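In: this one's sequence-less:
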C-alpha cells in the first residue's frame with residue numbers, strides 16, 4: 001500500500017492511511033499557530049480554530065493546547081502532548097486525587113480532567129459552529145494529547161451525543177481512567193477507538209494499575225515497525241527486549257525514544273510503504 005500523499009476527507013472508518021494522517025495531525029499540534037494554519041490549509045481544510053489555556057503553579061502543566069480544523073466533509077480536533085520526562089514525573093505521583101468522570105461515570109486522573117476542562121467548552125462550541133454539513137468528527141493526540149482526545153470523545157458521547165466523534169486515534173496515550181469509565185467508553189466507541197503504542201514507550205505504562213486502566217482497542221507497533229492488533233504476554237516481552245537492545249549505547253532510553261511522535265509517524269509510514 002503506497003504512502004498516501006493527501007488526507008481522504010471522506011474517510012468513515014479505521015484504515016492505516018487514516019491512522020497515518022491523524023498521527024501527522026497530532027504531530028502538527030506541537031507547532032505554533034502560524035505553522036499550524038499554513039499546514040491545515042495545505043491539507044484542504046478551510047477553517048481552523050486554536051484552543052489554549054494557561055495554568056499557574058502548582059499544577060504540573062503550563063498550558064493545554066489543541067486546534068480544530070474543518071472542511072466540508074471532515075472535522076479534526078488534535079490535542080498537543082508534552083515532554084516524556086514531564087508527563088512521566090506527574091503521572092507517577094500516587095497522591096494525585098481523582099477527577100469525576102463525564103456524566104459522573106467513574107473517574108479520571110486529576111491532571112487529565114483539569115487539563116481537558118480548561119479547553120473543552122471552546123472545543124465543544126467550535127464543533128457545534130463548524131459542523132454545518134454533517135461532517136465526520138475525529139479526535140486525535142499524542143501522549144497527554146491522546147488522553148485528552150480520549151476524554152473529549154467520551155465526554156461528548158455521554159454529555160453531548162449530537163456532537164459525538166466518529167473516531168478517536170491516539171498515540172502513546174497514558175492510562176487515563178478507572179474501569180467503570182473505560183467500560184462505558186469501550187461500549188460507546190467499539191470499532192471507533194484506536195490506541196497506538198510504540199514498542200517500549202514508557203508513557204502508556206503510566207499511571208500505575210490497578211487504579212487506572214486503558215481503553216480498547218490496542219494497535220501495537222513492534223520493534224521492527226510492524227503493527228499488531230494484539231500482543232500476547234510472551235510476545236510482548238520478547239519484542240520489548242528487542243527494542244531495548246536497538247540502541248546498544250543507551251538501552252535505558254528506549255522507553256523515552258519510543259514515545260516521540262516522530263517515531264509513531266515513521267512507523268505508520270513504514271507500514272504503508
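Out: Okay, I see it. Quick caveat: nothing in here was measured; it's all calculated off a predicted structure. Numbers count the residues shown, from 1 in each chain.
In: Next, residue 108: phi, psi?
Out: When read as degrees, to the nearest 10, the backbone of residue 108 gives phi -130, psi 170.
In: Let me know whether it touches residue 97 as I believe.
Out: No - with contacts defined as Cβ atoms under 8 Å, residue 108 does not count as touching residue 97, sitting 11.0 Å away. In short, each C-beta sits where N, CA and C put it, glycine included.
In: These two: which is more packed in?
Out: With neighbours defined as other Cβ atoms under 10 Å, residue 108 and residue 97 compare such that residue 108 has more, 26 against 8.
In: Can you find the helix or strand of this structure with the lowest average pLDDT?
Out: helix 233-244 (a mean of 40; mean pLDDT, DSSP states H and E).
In: Check which element follows it along the chain.
Out: Counting by DSSP states H and E, the next helix or strand C-terminal to helix 233-244 is helix 254-257.
In: how far does that next one sit from the chain's center?
Out: The chain centre lies 18 Å from the centre of helix 254-257; the measure is Cα atoms, centre = their mean, to the nearest Å.
In: pLDDT of it, averaged?
Out: What helix 254-257 shows for mean pLDDT is 84.
In: what's it packed up against?
Out: helix 84-91 (3 or more Cβ pairs under 8 Å, 6 or more residues apart in numbering; DSSP states H and E).
In: what helices or strands is the helix it packs on leaning on?
Out: Using 3+ Cβ pairs under 8 Å, 6+ apart: helix 84-91 touches helix 254-257.
In: now the most centrally placed residue in the chain, what's its secondary structure?
Out: Among the residues of the chain, the one closest to the centroid is residue 146, at 2.1 Å (Cα atoms, centre = their mean). With DSSP: H, G, I helix; E, B strand; the rest coil as the basis, residue 146 sits in helix.
In: Residue 195 versus that one, what's the distance?
Out: To residue 195, residue 146 is 7 Å away according to Cβ to Cβ, to the nearest Å.
In: Which residues are in contact with each of the two?
Out: 170, 173 (Cβ atoms under 8 Å, 6 or more residues apart in numbering).
In: Tell me how far the nearest residue to residue 176 once chain neighbours are set aside lies from residue 172.
Out: Leaving aside its chain neighbours, residue 176 sits nearest to residue 147 (4.5 Å; criterion: Cβ to Cβ, 6 or more residues apart in numbering). According to Cβ to Cβ, residue 147 and residue 172 sit 10 Å apart.
In: What segments of the stretch 51-200 of the chain are strands?
Out: Using DSSP state E, counting those that start in this stretch, the strands found in the stretch 51-200 of the chain span residues 63-70, 74-79, 98-100, 107-109, 136-142, 167-171, 193-198.
In: can you tell me which of these the model trusts least?
Out: Minimum mean pLDDT among the strands of the stretch 51-200 of the chain: strand 98-100, a mean of 89.
In: List the buried residues of that one.
Out: Using 16 or more other Cβ atoms under 10 Å as the test for burial, strand 98-100 gives residue 99.
In: Can you list the strands that that strand pairs with?
Out: Using DSSP bridges, strand 98-100 pairs in its sheet with strand 107-109 (antiparallel).
In: For the partner strand, which outside residues touch it?
Out: So strand 107-109 is contacted by 91, 96, 98-101, 147, 151, 174-178, 180-181, 207, 212 (Cβ under 8 Å, 6+ apart).
In: cutoff 6 Å now
Out: Outside strand 107-109, the residues that touch it by Cβ atoms under 6 Å, 6 or more residues apart in numbering are 98, 99, 100, 101, 176, 177, 178, 207.
In: Over to stretch 12-26?
Out: So stretch 12-26 is contacted by 4, 7, 11, 76, 78, 140-142, 169, 171, 194, 261, 264-265, 268, 271-272 (Cβ under 6 Å, 6+ apart).
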